[in-house]
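>>> Quick one, fold the following:
(chains A and B)
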Amino acid sequence: MTSTQLFNAVTLAYFASMVLFVVYLATRSKAVALGGNILAYAGFLMHTAAIGLRWRETYTLLGADGYAPLSNLYESVVFFSWTILLIYIIIDLKYRQRAVGAFVLPFAFLAMTWAQLRLNDAIEPLVPALQSNWLTYHVITCFLGYAAFAVACGVSIMYLIKFSKEEKKPENTPAGGLMALFPSTRVLDDINYKAIMIGFPLLTLGIVTGAAWANYAWGTYWSWDPKETWSLIVWFIYAAFLHARFTRGWVGKRAAWLSIFGFAATIFCYLGVNLVLSGLHSYGAGG
Amino acid sequence: MTAKERSFLTAVWDFLCSLKLTIIILILLAITSIIGTVVQQNLSPQEYLQFYTEKTYKILDALHFFDMYHSWWFLSLLGLFSLNLICCSIKRFPRVWKTVMYPNLQGDDSLFRTLSNADEVVVPGTLAEVTEKLKAFVQKNFAGTVVTTGEDRTYLFAQKAAYARFGVYVTHLSILIIFLGAIIGNIWGYKGYMNIMEGTAMDTLRLFGSNEPLKLPFAVRCDRFEVTFYEGGGGRPKEFISDLVILDQGKEVEKKTIQVNDPLSYKGITFYQSSYGPAGDPIFKMRVRVKDSDEVKEYMARQGEHVNLPDGGSFAVTAYTQAYDRFGPAIQMHVNTPDGNHGNPFIVLKNFPDFDAQRGGKYIFSLDAINQRYYTGLQVGKDPGVWVVWTGCFMMIVGSLAAFFISHRRIWVTLQPVGGKIGVRIGGSAHRNQPAFELFFDGLKEKLKKELNV
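Just a heads-up that it's a prediction; the model follows:
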């Protein structure tokens, strides 16, 4: 079996899991939610195995020039999807709020579909600039951070939906129907904050490892390259979010919006810069 | 100072200390930083005029958008950010210092009123007995305990991870340290480049931006430059390698083979492999065999030069590449007949010496070697601030982890004789992650009741 076939199976598992979570929102059947969760966990295990398999394939194909599969757009999108699932599983184990799955699995599914259908999955040897251990540390820390922000964004959307429903019908709070499946706004706000609290130091570490690598390869730890600048923009937004927590009037709704803006900037930093702007990271473009 | 002046100063101080200012600055920094990613930075006026009309160019130039990260207004914003950071810390730090260094050891009534985690029990025994018991209990289940006595009461105090309160200040300080490192690098550091031809030495670099020459206190010699390609990689480069030798006072003091991601440092100056290029025309070592014979001749040919063949004709190499698709090094050449007729160009592959036999010409050419001298392109940098920046980065990560994930937890116990028995009051607080502390405290209460048999 090749890693590509296994990645296809992973994509299917996430699709099925996503469908079941949506069915769960409609039917509120616990068995359906359990099924969705089993598929998500199984998909994650396959995903892990597939990344390991691709790692081995680079060595089979390139001999000593094999590499950790984190070096081009395809591999990074696949890894991003993996980290989303990782963070989802951690949150699932801690909070056991299955409705979250309906808002997180679509991100993982879309990422996998895009990677499998549109991106170049050829295993190619690394150009000299990418032959560095810093690459691995840099990519892992950045993407774990991105995934935490993705989760924060997902729960922020849930927060805004639930909050607006509760605002309209204050008499029967907590809102009934579909909303009853959502965690309470207090819990959503709390997950939002905690996810960003986890993501922020990871992003910081990602920026620092990137700077260290740039210094080692080019002799400049910071050159205001668009990718660097956008990572700093994301950092500023989440720094503002964390400080806003301590200011009255910035919790809840505004925090949710800030978290959504932060994630939009994160996605632009990750994809927009490569696809729209130019710079040092342009080798990622078009994958 | 008049009252009016004082109130003005207070207003300025309050403004600089405010968290609202922090949030506004952070959002402003985020928004303005976008400009420099959309407008390309540091191009020449001619290049800008290709994208922009002269009017737009003048406006953008007046706004310093072409080098915005070094413009007065962006640097002022960073300055205001630093000032805000410093003022906030000056305002809040002394209280935190006091909390950590001089903790409130005595949990009196007013303190207990502020604690959401608290409990009370009454137990038999003497004050001394119960104190001993509770001291041992808190020590075993939480942390080392300080005992103080008041008029008729005994107070116990214990705390964990008090240092976590400094996390946020370490993080804030780290930003200032990173700025300091950047300033040091800007004042006492420089960046430039050197192109050294193989076999020669150089002691002067050119600075980026100004292109001014700068003499180094030593010389660098490049003994060899080599670029290797992946086999079957379609010309994808694998490694750029330079053998460098440092000559200090004419003596060879250091030797290193550098490549991308593996630079050479000497006396605080670092040399990075960044580019390469051909130096002079290549010389091709050719082997020519006459068809259907064993007659073989060797020639050295420069690019473009006509070399005479035994029959009065000649050949010339017109182009070459290190990687002709996946076939490796190759040349393009042609043969002139004795009467001067120009033949059709053809390809000779270095890795396939018999390939040219298939062409069916009178002479069969093979390429033994391409002697191309290269220059190695080195980026040269000196940055005495870089370690300051790394120190700042390290502090930022440690500080933010402490600030986010470690919670300062405190337990107070107050013992007071009440009608022949002892009243025990226990309370606690955490400065972060209250839910976890609540769980811990509930467990502690249970254990305490078991211990005291109430």
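>>> going forward, measure contacts between C-alpha atoms and count neighbours the same way
Fine.
>>> how would you label the residue of the stretch 51-200 of chain B found nearest chain A: helix, strand or coil?
With Cα to the nearest Cα, the shortest gap between the stretch 51-200 of chain B and chain A falls at B:Y69, namely 7.6 Å. Reduced to three states with DSSP: H, G, I helix; E, B strand; the rest coil, the structure at B:Y69 is helix.
>>> contacting residues for it?
Applying Cα atoms under 8 Å, 6 or more residues apart in numbering or on different chains, we find B:Y69 in contact with A:224, B:33, B:36, B:75.
>>> if I look at the spatially most central residue of chain B, how far off is chain A?
Centroid check for chain B by Cα atoms, centre = their mean gives B:W390 as the closest residue, at 8.0 Å. Per Cα to the nearest Cα, to the nearest Å, B:W390 is found 8 Å from chain A.
>>> check contacts around the closest residue to that residue other than its chain neighbours.
The spatial neighbour of B:W390 that comes closest, neighbours along the chain excluded (Cα to Cα, 6 or more residues apart in numbering or on different chains), is B:I178 at 7.6 Å. Contacts for B:I178 were tallied using Cα under 8 Å, 6+ apart; they are B:388-393.
>>> How about A:Q97?
Per Cα under 8 Å, 6+ apart, neighbours of A:Q97: A:182-183.
>>> mind running it again at 7 Å?
A:Q97 makes contacts with A:P183, as judged by Cα atoms under 7 Å, 6 or more residues apart in numbering or on different chains.
>>> Model confidence score at it, please.
pLDDT recorded at A:Q97 is 82.
>>> got it, and A:D189?
The predicted local confidence for A:D189 is 88.
>>> cool, and B:G340?
So B:G340 comes in at 81 (pLDDT).
>>> Count the neighbours of the nearest residue to it once chain neighbours are set aside for me.
Of all residues not flanking B:G340 in the chain, B:G313 sits nearest, at 7.2 Å (Cα to Cα, 6+ apart). B:G313: 17 surrounding residues under other Cα atoms under 10 Å in any protein chain shown.
>>> Name all residues that make contact with the residue nearest to B:G144 when sequence neighbours are not counted.
Spatially, and ignoring its direct neighbours in sequence, B:G144 is nearest to B:A158 (5.8 Å; Cα to Cα, 6+ apart). B:A158 makes contacts with B:143-146, B:410-412, as judged by Cα under 7 Å, 6+ apart.
>>> A:G199 now?
A:G199 neighbours (Cα under 7 Å, 6+ apart): A:145-146, A:148-149.
>>> And it, how far from chain B?
11 Å.
>>> picking up where we left off before, pLDDT value on the residue of the stretch 51-200 of chain B closest to chain A, please?
B:Y69 is given a pLDDT of 94.
>>> Next up, the contacts around the closest residue in space to B:I269 that isn't next to it in sequence.
Computed as Cα to Cα, 6+ apart, the closest residue to B:I269 that is not its neighbour in sequence is B:K382, at 4.7 Å. Contacts for B:K382 (Cα under 7 Å, 6+ apart) come out as B:189-191, B:268-270.
>>> Put together TSV for these, with pLDDT and distance to A:L277 on each row.
Compiled in TSV, the contacts of B:K382 are given as follows (pLDDT from 0 to 100; distance: Cα to Cα, whole Å):
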residue	pLDDT	distance to A:L277
B:G189	94	30
B:Y190	94	28
B:K191	93	25
B:G268	91	35
B:I269	94	33
B:T270	95	30
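>>> Strands - which of those land there?
B:190-191, B:269-270 (DSSP state E).
>>> Go through these and say which is closest to A:Q5.
B:T270 (46.3 Å; Cα to Cα).
>>> mind listing what that closest one touches?
B:263-264, B:380-382 are the contacts of B:T270 under Cα under 7 Å, 6+ apart.
>>> for B:K251, same thing?
B:K251 neighbours (Cα under 7 Å, 6+ apart): none.
>>> returning to what we had before: partners of the residue nearest to B:G144 in the sheet?
B:T145, B:I411 (DSSP bridges).
>>> could you say what helices and strands the longest helix along chain A packs with?
The helix spanning the most residues in chain A, taking DSSP state H as the definition, is helix A:133-168. The contact analysis (3 or more Cα pairs under 7 Å, 6 or more residues apart in numbering or on different chains; DSSP states H and E) places helix A:133-168 against helix A:73-95, helix A:101-118, helix A:185-218, helix A:253-267.
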